[in-house]
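Participant: quick one, what's the 3D model for this:
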Amino acid sequence: MQEPATSDKTEKAQSPFVKLLIDLGPLIGFFIAYGRAGIYWATGVLMLATVAALAASWKLLGRITPVPMVTAVLVVVFGGLTFYLDDPSFIKLKPTIINLLFSGVLVAGLATGRPLLKLLLGEAFRLTEEGWRKLSVRWAAFFFALAILNEIVWRNFSESAWVNFKVFGIVPITIIFAMAQIGLIKRYEPKS
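Facilitator: Numbering: from 1, shown residues only. Coordinates of the predicted model:
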């Protein structure tokens with residue numbers, strides 16, 4: 001009787017809806033809390049929901065991948081600074097720092113001849129070394145552009161405009177960019 005429960009748990013964990021909820025839950029919570037109570041409550045909800053998402057990932061998937069772990073650490077650090085210094089600039093700066101960090105890590109991997117995207121996505125895609133290099137260059141440039149875009153929005157627009165950009169801008173932009181990489185992925189699949 002134990003096997004079906006494990007199988008059900010694995011199926012639930014691999015459900016796209018569950019994965020999407022784990023990934024987007026904190027952002028949705030942030031948006032709802034901002035609309036009801038402002039940036040400080042939204043920051044607190046984001047911090048708690050991010051930690052809860054990590055716990056859910058661990059429980060359902062049995063692991064936490066590096067990207068959500070790094071993101072969670074930065075959410076807690078920048079959220080903590082927001083509260084400690086009573087300055088919402090820190091939570092607004094967090095996406096810039098995360099995107100610069102991701103871009104920098106990808107560039108460092110390329111500089112050392114180790115495309116780090118291969119370590120993260122190697123199970124999902126099979127690409128030639130040139131394919132991994134090109135995909136890494138594209139994602140590094142994308143993350144750098146997102147960092148610049150976040151800086152432009154939070155420094156030049158209202159707080160509510162930034163929150164809307166964070167929820168309704170960054171996610172769709174990222175999905176569109178990821179979908180635009182399908183051609184490269186197909187082109188650089190190893191010929192078997």
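Participant: just checking, next helix/strand downstream of the longest helix out of those in the chain?
Facilitator: Ordering each helix of the chain by length in residues (DSSP state H) puts helix 129-156 first. Per DSSP states H and E, the first helix or strand lying C-terminal to helix 129-156 is helix 159-168.
Participant: domain map for the chain?
Facilitator: Here the domain parsing of the chain from automatic domain parsing is 1-73, 88-192.
Participant: and these: which comes nearest L81?
Facilitator: Among those, the nearest to L81 by CB to CB is domain 88-192 (4.1 Å). C-betas here are computed from N, CA, C, even on glycine.
Participant: start to end distance for the closest one?
Facilitator: The first and last residues of domain 88-192 sit 53 Å apart, counting by CA to CA, to the nearest Å.
Participant: same question for that domain, mean pLDDT?
Facilitator: The average pLDDT for domain 88-192 rounds to 94.
Participant: and Q181, how far from G131?
Facilitator: 10 Å (CB to CB, to the nearest Å).
Participant: between those two, which one's more packed in?
Facilitator: Higher neighbour count among Q181 and G131: G131, with 21 against 15, using other CB atoms under 10 Å.
Participant: now that one: closest residue in space, sequence neighbours ignored.
Facilitator: Nearest non-adjacent residue to G131, counting by CB to CB, 6 or more residues apart in numbering: Y188, 2.5 Å away.
Participant: same check, this time on P26
Facilitator: The shortest distance from P26 to any non-neighbouring residue, by CB to CB, 6+ apart, is to A49 (3.8 Å).
Participant: which other residues reach stretch 173-192?
Facilitator: With CB atoms under 8 Å, 6 or more residues apart in numbering as the test, stretch 173-192 has contacts from F125, R126, L127, T128, E130, G131, W132, K134, L135, R138, F142, L146.
Participant: go on, stretch 153-164?
Facilitator: Residues contacting stretch 153-164 (CB under 8 Å, 6+ apart): F30, F31, Y34, I39, A42, P88, S89, K92, L93, T96, F165, G169.
Participant: now the terminal residues of that stretch, how far apart.
Facilitator: Using CA to CA, the span of stretch 153-164 from its first residue to its last is 10 Å.
Participant: which positions in it come out as buried?
Facilitator: Applying a neighbour-count criterion of 16 or more other CB atoms under 10 Å, one finds V153, W154, W162, V163 buried in stretch 153-164.
Participant: cheers, nothing more for now.
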